[in-house]
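Engineer: Make a model of this:
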Amino acid sequence: MNATAAFPALVVRMVGRATLYCGDAYRLIPTLGRFDLLATDPPYVVATAGAGRFRKARPHVDRIADEGLNRGFDKTIIDPFQFAAVVVFVHNDQLADVLPHIAGLYHRHALLTWRKTNPMPVANKHYQPDQEIYVHGWSRGFHPQGELADKRRSWDGTGEPMKTWKHPTVKPLGLMRKIITNTAGDSVCDPFMGTGTTGVAAVEAGRRFVGIEHNPDHFETACRRIAAAVDQFATNGENS
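Structural biologist: Next up is the predicted model:
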């Protein structure tokens, strides 16, 4: 059963063990209590100009700029007193700032990659963007989980076309499933939820999920996807 409550500039929806907010993550996070895991794909610091003759074939770059997803994020949202572990995606140009921050806050950390099998055919006087980086930091007792085969430092797979969920930076569900498999605990928070891929992976694993997204269109997409995952999880439970 879904419940909806509306507040000034804030919508809250509860679906199963998932609580979804349409609002400002920086204002909401301090009010939400402690979680086992912060797992998120925040705005990157990334140049959205250039690409030459390939520019017309890259409408997602325009969408990234239009939605402000190229302006970075405030890394103080990563708080070891609130989150026992973190998984944060970062652009190459953010790594020198974010990695030392996480290393200084958590007991241990690892640098992991998503190796894209369908990267864009551009380089922009750099390297081809055939890999995306994420950092996993954890407190004592929240070390990486899973079988040895689950603990590879890389995941290979294709990216999601923008038209699938009408979002320019959606992460593949298979990748987020790996991340959830590799992390300990029961509760997951994603303050930059987008269209809800992290939430779907968390719900599939039976975890409590809290997601925040400021864009109303993406929020509605996330609500639909996560509600479907909740229904499927309930059906699987009844049939097991």
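Engineer: What distance do you get for the closest residue to residue 183 other than its chain neighbours to residue 212?
Structural biologist: Distances taken as CB to CB, 6 or more residues apart in numbering place residue 37 nearest to residue 183, at 5.0 Å, with adjacent residues excluded. Backbone N, C-alpha and C define where each C-beta goes, glycine included. Separation of residue 37 from residue 212 (CB to CB, to the nearest Å): 14 Å.
Engineer: again with residue 116
Structural biologist: Separation of residue 116 from residue 212 (CB to CB): 27 Å.
Engineer: Which SSE is immediately downstream of the helix or strand of the chain with the lowest mean pLDDT?
Structural biologist: Every helix and strand in the chain was compared by mean pLDDT, DSSP states H and E; the lowest is strand 2-7, with a mean of 42. Counting by DSSP states H and E, the element after strand 2-7 in chain order, helix or strand, is strand 10-15.
Engineer: Give the pairing partners of that following strand; include direction for each.
Structural biologist: According to DSSP bridges, strand 10-15 forms sheet pairs with strand 2-7 (antiparallel), strand 18-22 (antiparallel).
Engineer: any weak-confidence spans in this protein?
Structural biologist: 1-9, 44-72, 161-163, 165-168, 238, 240 (pLDDT under 70).
Engineer: Between strand 10-15 and the biggest helix by length in it, find me the angle.
Structural biologist: Looking across the chain with DSSP state H, the single longest helix is helix 216-239. Relative orientation of helix 216-239 versus strand 10-15 (axes from the mean of the first three to the mean of the last three CA atoms, to 10 degrees): 20 degrees.
Engineer: what comes up buried for helix 216-239?
Structural biologist: Neighbour counts over helix 216-239 (16 or more other CB atoms under 10 Å) mark 218-223, 225-227, 229-230, 233 as buried.
Engineer: ok, now stretch 23-35?
Structural biologist: By neighbour count with 16+ other CB under 10 Å, stretch 23-35 contains the buried residues 23, 25, 28-29, 32, 35.
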